[in-house]
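K.L.:
Here's a sequence, model it:
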Amino acid sequence: MQIYTVGGAVRDRLLGLRIKDRDYVVVGATPETMVQLGYRPVGKDFPVFLHPETHEEYALARTERKTAKGYKGFQVYADQDVTLEQDLARRDLTINAIAEDGQGNLIDPYHGVADLQARVLRHVSPAFSEDPVRILRAARFAARFTEFTVADETMALMRRMVEAGEVDALVPERVWQELAKGLMEQKPSRMFEALRACGALERLLPELDKLFGVPQTAKYHPEIDTGIHVMMVVDYAARMGFSLPVRFAALTHDLGKGITPADILPRHIGHEERSVALLQPLVQRLRVPNDCKELALVVARFHGKVHQVGEMQPATVLRFLQDTDALRQPARFRDFLRACESDARGRLGFERQELPYFQLLLDILEVVMKVDAGVVARQQSTPATIKEAVFAARVTAMKQAFSFPLNQRML
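P.N.:
The predicted structure is shown next:
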């Protein structure tokens, strides 16, 4: 029985990165042996065990045989006769197929160290094509390791997989899982660029794929191309360390521009409502979590209005806060503004644009929320007037605290 450190821990150590967790592969053992040694079995699809003291994962060396389409269509074989080289052969990329023994010696049968040095993401073997999740993983690693490029032969293999319909067999939960991880990487745009290059983006997120090549007005969008703009927006959100809901909202805020009627281009009148109409089936299709879904819908619908508040009267500003549900969900409203910030600064030459109304909106919200709606309600003679009275009290508080229209304050 021999135990090796494998995968990300070895890769990240060689890259000089912080090791988040360690995975181990065990060669020459059976499930019964592991149990006798005190390891606790937890694997559903293949034998994985938790160490009795450290609770780290130890997997038996295994091989896989493709039996059906999709990422679950495999028959797994794990026994004491499976070698380390056989186990490493079934891994996705060469940089993830390096093992290290207890003495610190590297076992690198597929030249992962050379690919680390060359900054290349390369598939280990033709078995890569048997699992469509590996397309998403390769794209995600491109977003994480921004100096790496996908090897030409690996990109060609990914294209053939897409053409064969492999990505169509992916279940929504797994697609979302990988997309969410990619959005949280250092430069998310590289994931979507890789997916687009192999044709997978058109299959998985056709609404996003359609944005590339769609023109915008050069005065407001010097980058012109809508797809490039969205990539700049999501990368800005990543640079700022914004949360997953903000990054997803940044990614999907302009979907409606992909179906703007050709006769009004490069303008995109009404794209907000079109974005919502496209986003609703998308979040259902991918089973996007509620926090990401709800923020994305609010951003898609209202991101254009946030730049108009300078000309609004107090009642209109208050209705905007109500429409975005800022009074009930102030934390989400902050995330709304973060997504709008990403949109505003995710444009060529606008990266440091001043956004004076954003903090002002938060200040206004604070004033509005201090109005005691209960006290106002008790002062009304009939229930029918309560809503109007509370609204009026909030408007009065806004007028007392701020000068309107707000753009005068900026002069």
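K.L.:
separation between the closest residue to residue 30 other than its chain neighbours and residue 105?
P.N.:
The spatially closest residue to residue 30, leaving aside those adjacent along the chain, is residue 80, at 5.4 Å (CB to CB, 6 or more residues apart in numbering). Bear in mind the C-beta positions are built from the backbone N, C-alpha and C, glycine included. For residue 80, the distance to residue 105 equals 22 Å [CB to CB, to the nearest Å].
K.L.:
So between these two, which is more surrounded?
P.N.:
When residue 80 is set against residue 105 and neighbours are counted by other CB atoms under 10 Å, the residue ahead is residue 80, at 14 against 10.
K.L.:
Verify the stated contact: that one with residue 31.
P.N.:
No - no contact is recorded between residue 80 and residue 31 when judged using CB atoms under 8 Å, the distance being 9.9 Å.
K.L.:
ok, back up a step: what's near enough to touch the residue nearest to residue 30?
P.N.:
For residue 80, the contact set (CB atoms under 8 Å, 6 or more residues apart in numbering) comprises 1, 27, 28, 29, 30, 33.
K.L.:
What are the boundaries of the strands in the protein?
P.N.:
2-6, 23-27, 40-41, 48-50, 57-60, 62-66, 74-78, 99-100, 106-107, 120-121, 149-150 (DSSP state E).
K.L.:
Buried only: go through the contacts of residue 80 for me.
P.N.:
27, 28, 29, 30 (16 or more other CB atoms under 10 Å).
K.L.:
Now do the same contact list for the third one.
P.N.:
To tie it back to what came earlier, the one meant is residue 29. By CB under 8 Å, 6+ apart, the contact list for residue 29 reads 1, 60, 80.
K.L.:
before we move on, what about the first one?
P.N.:
Contacts for residue 27 were tallied using CB under 8 Å, 6+ apart; they are 1, 2, 3, 4, 61, 80, 82, 83, 84, 87.
K.L.:
Please identify the member of the residues you listed with the greatest number of neighbours.
P.N.:
The most crowded member of the contacts of residue 27 is residue 61, carrying 26 neighbours; neighbours defined as other CB under 10 Å.
K.L.:
Check the contact between that one and residue 25; I expect there is one.
P.N.:
Yes - shown here, residue 61 and residue 25 form a contact pair, counting by CB under 8 Å, at 5.4 Å.
K.L.:
shared neighbours, the two?
P.N.:
Residues touching both residue 61 and residue 25 (CB under 8 Å, 6+ apart): 84, 87.
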